[in-house]
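J.: mind looking at a prediction? Sequence and model below.
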Amino acid sequence: MQRVHFIAIGGSAMHNLAIALQQKGFEVSGSDDEIFEPSRSRLDRLGLLPPRMGWHPEDITAELDAVILGMHARADNPELIKARELGIPVFSYPAYFHEQTKDKTRVVIGGSHGKTTITSMIVHVLRAAGTDFDYLVGAQLEGFDCMVRLGAKSKVAVIEGDEYLASTLEPVPKFHLYKPGIALISGIAWDHINVFKTFEGYVQQFATFIDLIEPGGKLVYCAEDPVVKRLAVERKGREDVEQVPYGVPSHVIRNGITYLSTAQGEVPLKVFGRHNLMNLEGARHVCHLLGIGDREFYASISSFTGAAKRLEKLAEHAGKVVFKDFAHSPSKLKATVDAVREQYPGRKLIACMELHTFSSLSDNFLDQYAGSMDGADAALVFYDPHAVQLKRLPPVPLERIRAAFGRKDLEVLTDPLELMGAVRKEASGNDVLLMMSSGNFGGIDLNAMAEAFIA
């Protein structure tokens, strides 16, 4: 039996990996200084919740086979120091996932946007086909209790490849550690400016990702993204790697439903938008490389409802509809607004986004948002001054935000109650409300807000 200890077990990916290893038969322990929901309840239910919070080096003993270090843990963590003194192998979670799947075909989905959705689509189709496979996905999917799986007999691992850093001991992008047999890049738009100070430095991470594809591997890439296409062309020298470009598949929209136009006839979808269609096409190519034919793919993908917080419908009644989305970066914001605009062309679109990430609240990044909400009839931007303080950033003047987005009618708010009032004020007839954030709008109950909006 393998004994593994997690330092900072409460993280989203960390606690899922801990659960997956327990399910595989490992003896798992962990520690953290604070654990939030839903991680806390899930760990508690399975007997994996640390009995006390904080770091306890006395729990690190030579009997451990490995220690897995979360990004939340610092280099001076006392448990980490003890593990290194004892010579226990220390891994980041992506490095350990690679260790567990090194004899399998690893499919790694990378990109500034769309990677969660594409990974989720592939997982959805493979599951419907009865395929035995491992996976690591960043969002909760319907019908899945745990978003990490490590099977004893599976031959394929499907991985969402995040470009953020792996751990304090491995300060490299997570997707550099997976070494894919099949790699996909959905698109590149500058993000994580606290780590990648320039756009060129950010793009270089994806160039390295391509270089790390295993000999004889495949690169599936979005040819409609000029930066991704340039990288693919620059790496034509790797003749051992087959390149598979993709774009927007043929489709029609009727009565608010998108239909794919295929050789098997029209296929109705439960998702919509240009980027979602490109995501779907990328997923189709990956599934084809894994032995899933088009007929089987289309039959499965028609029931795909999307990943959590990705154009998730909260409420619909009497001509009004409310969506929430994880969009926060400029490219994601524009893609989401444009998708809803295209799907509901004759209705008023009220779009609200929250500046929540370090990048979005940084003055030298704000101008990247120019034009990103132009597709909305009414545009609102919210930010919590407390979040700015926590990130140790200077206050953001409201006029600076308005100028960055390039809309004189943009309404900028910092109070959750004022935000709810502004949304109600904009409501008229058959409206579509789109709430976009990687945060929580200062603690607003979005489900209650959605019910009030359509009432």
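T.: Structure received.

J.: centroid residue for this protein?
T.: Closest to where the C-alpha atoms of the chain average out (Cα atoms, centre = their mean) is Thr116, at 4.3 Å.

J.: so which helix or strand takes in it?
T.: For Thr116, the host element (DSSP states H and E) is helix 115-128.

J.: give me the neighbour count for the nearest residue to Asn430 once chain neighbours are set aside.
T.: What sits nearest to Asn430 in space, not counting adjacent residues and going by Cβ to Cβ, 6 or more residues apart in numbering, is Gly319, at 3.6 Å. Backbone N, C-alpha and C define where each C-beta goes, glycine included. Look at Gly319: counted by other Cβ atoms under 10 Å, it has 11 neighbours.

J.: so Gly319 sits against Ala427, correct?
T.: No: contact criterion Cβ atoms under 8 Å: Gly319 and Ala427 do not qualify, at 11.5 Å.

J.: show me the chain divided up by domain.
T.: As assigned by automatic domain parsing, the chain contains the domains 3-88, 95-301, 312-454.

J.: between the two ends of the last one, what distance do you get?
T.: Across its full length, domain 312-454 reaches 16 Å between end residues, using Cα to Cα, to the nearest Å.

J.: what's the average pLDDT for it?
T.: Averaged across domain 312-454, pLDDT comes to 90.

J.: ok, Thr117 - contacts?
T.: 271, 276, 279, 306-307, 310 (Cβ atoms under 8 Å, 6 or more residues apart in numbering).

J.: ditto for Asp384
T.: 354, 356, 414, 439, 442.

J.: so which of the residues you listed sit within strands?
T.: Glu354 (DSSP state E).

J.: can I get the contacts of Asp384 in TSV including neighbour count and distance to Gly11?
T.: Listed next are those as TSV, based on neighbours: other Cβ atoms under 10 Å; distance: Cβ to Cβ, whole Å:
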residue	neighbour count	distance to Gly11
Glu354	25	22
His356	21	18
Thr414	16	29
Gly439	17	17
Gly442	21	23
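
J.: which one of the contacts of Asp384 is nearest Gln2?
T.: The closest of the contacts of Asp384 to Gln2 turns out to be Gly439 (Cβ to Cβ; 37.0 Å).

J.: on that earlier part again, take the contacts of Asp384 and lay them out in TSV including distance to Ala73.
T.: Shown next, in TSV, are the contacts of Asp384 (distance: Cβ to Cβ, whole Å):
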residue	distance to Ala73
Glu354	28
His356	23
Thr414	33
Gly439	23
Gly442	28
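
J.: returning to that earlier point: surely the residue nearest to the centre of the chain is in contact with Glu160?
T.: Yes: between Thr116 and Glu160 there is a contact under Cβ under 8 Å: 5.8 Å.

J.: overlap in contacts of the two?
T.: Contacts common to Thr116 and Glu160, judged by Cβ under 8 Å, 6+ apart, are 137-138.

J.: any idea how far the residue nearest to the centre of the chain is from Ser39?
T.: Applying Cβ to Cβ, to the nearest Å, the value for Thr116 to Ser39 is 18 Å.

J.: now do the buried residues in the helix or strand encompassing Val423.
T.: According to DSSP H and E, Val423 maps onto helix 416-426. Neighbour counts over helix 416-426 (16 or more other Cβ atoms under 10 Å) mark 416, 419-420, 422-423, 426 as buried.

J.: out of these, flag the one nearest to Met121.
T.: Distance to Met121, by Cβ to Cβ, is smallest for Val423 among these, at 31.2 Å.
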